[in-house]
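Q: fold the following, please.
(chains A and B)
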Amino acid sequence: AEAAELRARLQAVRHTVLVLSGKGGVGKSTFSALLAHGLAADENKQVALLDIDICGPSIPKMMGLEGEQVHQSGSGWSPVYVEENLGVMSVGFLLSSPDDAVIWRGPKKNGLIKQFLRDVDWGEVDYLIVDTPPGTSDEHLSIVQYLSATHIDGAVIVTTPQEVSLQDVRKEINFCHKVKLPIIGVVENMSGFVCPKCKNESQIFPPTTGGAEKMCQNLNVSFLGKVPLDPQIGKSCDRGQSFLAEAPESPATLSYRSIIQRIQEYCEQHHLQEEKIM
Amino acid sequence: TLAERTNLAGVRHILLVLSGKGGVGKSTLSTELALALRNAGKRVGILDVDLCGPSIPRMLRVQDSAVHQCDSGWVPVFVGQDKAIALMSIGFLLERPDDAVVWRGPKKNALIKQFVTDVAWGDLDFLIVDTPPGTSDEHISTVEALRPYQLLGAILVTTPQ
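A: Numbers count the residues shown, from 1 in each chain, chains lettered A, B, ... in the order given. Predicted coordinates for the structure are as follows:
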């Protein structure tokens, strides 16, 4: 009966993409936010961004929505809208103060995630992007379980180039295989820094074991691309602005856009294949 | 239990390294702090309670080590130049390094309790406890399990943004 409830609520969601890592601080939320902005640039697409990082919800700040509250209506919880076609939901909106710690064990976190899926009135959605916390635990198991009521197009896995990150990301890739979650591909973030003054490129996080590209080759997983470090990215996130809009000429923007395009193509192709089968 | 009373009884100071945010350098700091204290002649141990993403073994080049049991519990892996820093991490319990530990809270809590009470640390001046990001099961369980002992305090790590 619960599964039927979830299925009914998520029926009008065409594509679902999970943004995962395994490693913390590699840019999952940043990527989720920019993916959402990038997809919502097409006014005809309805985009939903769901933040299931219960302990460290970054999405409200990154989307310029700090201080917003969730409203209830007859049809459920209303997402907070950044644009007409871009709605957001996060535990951040349920806190009375942004510094309030959510010190919950697994079962309580799972309960909220289920509520997010069951009670939020997303309406008709072309893309549901789900931002996750680092790890392979309750949140990840639950989201995959609850979303089995609809279908997940796949996961985008974010990493940085160094082995300490890749080590955790390989585990995440194994997690995806274990729960039969298709992997759309891996994004290598913070991949090199070009000095705006001397134009020299430095590897701030050297890929001592070949970086994400080599890992993808070894594990037969698609490599979606590299995004260089740009101090403007962090600034835009802190200010709740879309980096893509604030720095359209940055090499990082070009990388993000190319990766977003590849994700879109994957989802559309996937949909076409499904339609063919039906 | 007798084991509980002996395993942490010889530890003078317990330090937690926390953040909330991931990827800010908790494990890096825990490792460097342990090495620096060891260099200053202290007896040091590291307890890595990041079950999903244990980074410490690789940072100390012991990712291929295994742990053994003795009468009082698990024997930590000894690391560092003089093999004098005691380390316990779930990394040592994995069959393969890429195996994902896909556990829900209760199972994580059980292992953390074991890590806190069932590792034969011996006499240490400092036990540094490295944690994963967040404020959830691992953190609640670690603090609860350490409550009967001399918890010196927590170091919080962040980046500027």
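Q: so the helix or strand where A:Cys267 lies, near chain B or not?
A: Secondary structure assigned from DSSP states H and E places A:Cys267 in helix A:251-277. No - between helix A:251-277 and chain B, judged by CB under 8 Å from any CB of the partner chain, nothing touches; the nearest distance is 15.5 Å. C-beta here means a position set from N, CA and C on the backbone, and glycine is covered the same way.
Q: distance between that helix and the chain's centre?
A: On the basis of CA atoms, centre = their mean, to the nearest Å, helix A:251-277 is displaced by 14 Å from the centre of the chain it belongs to.
Q: kindly report the same for stretch B:30-44.
A: Averaging C-alpha coordinates over stretch B:30-44 and over its chain gives two centres that are 14 Å apart (CA atoms, centre = their mean).
Q: give me the buried positions along that stretch.
A: Of all the residues in stretch B:30-44, those buried under the rule 16 or more other CB atoms under 10 Å in any protein chain shown are B:30-31, B:33-35, B:37-38, B:42-44.
Q: okay, now residue 90: neighbour count?
A: Here I'm looking at chain A. The number of residues packed near A:Ser90 is 28, by other CB atoms under 10 Å in any protein chain shown.
Q: switch to chain B, that's the one I care about
A: Here the count is done by other CB under 10 Å, and B:Ile90 has 20 residues near it.
Q: what's the spacing between it and A:Ala101?
A: Distance of B:Ile90 to A:Ala101, given as CB to CB, to the nearest Å: 25 Å.
Q: do A:Gly87 as well
A: Using CB to CB, one obtains 26 Å as the distance from A:Gly87 to A:Ala101.
Q: look at those two and report which has more neighbours.
A: When neighbours are counted by other CB under 10 Å, A:Gly87 comes out ahead of the other of A:Gly87 and A:Ala101, with 24 against 12.
Q: for the more buried one, what are its contacts?
A: A:Gly87 is in contact with A:46-49, A:79-81, A:122-123, counting by CB atoms under 8 Å, 6 or more residues apart in numbering or on different chains.
Q: how about it: what's its closest non-neighbour residue?
A: For A:Gly87, the nearest residue in space outside its immediate sequence neighbours is A:Pro79; the separation is 3.3 Å by CB to CB, 6 or more residues apart in numbering or on different chains.
Q: ok, now A:Val221?
A: For A:Val221, the nearest residue in space outside its immediate sequence neighbours is A:Ile183; the separation is 5.3 Å by CB to CB, 6+ apart.
Q: for the one you found, give me its contacts.
A: Neighbouring residues of A:Ile183 by CB under 8 Å, 6+ apart: A:154-155, A:157, A:173, A:176, A:221-222.
Q: those, buried ones only, as a PyMOL selection?
A: In PyMOL, this line selects whichever of the contacts of A:Ile183 come out buried by 16+ other CB under 10 Å:
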select buried, chain A and resi 154+155+157+173+176+221
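Q: secondary structure and pLDDT added to the contacts of A:Ile183, as a markdown table?
A: Below are those laid out as a markdown table (DSSP: H, G, I helix; E, B strand; the rest coil; pLDDT from 0 to 100):
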| residue | secondary structure | pLDDT |
| --- | --- | --- |
| A:Gly154 | strand | 97 |
| A:Ala155 | strand | 97 |
| A:Ile157 | strand | 98 |
| A:Ile173 | helix | 96 |
| A:Cys176 | helix | 96 |
| A:Val221 | coil | 98 |
| A:Ser222 | coil | 98 |
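Q: quick one: which of the contacts of A:Ile183 is nearest A:Thr136?
A: Compare each of the contacts of A:Ile183 with A:Thr136 using CB to CB and the shortest gap goes to A:Cys176, at 9.4 Å.
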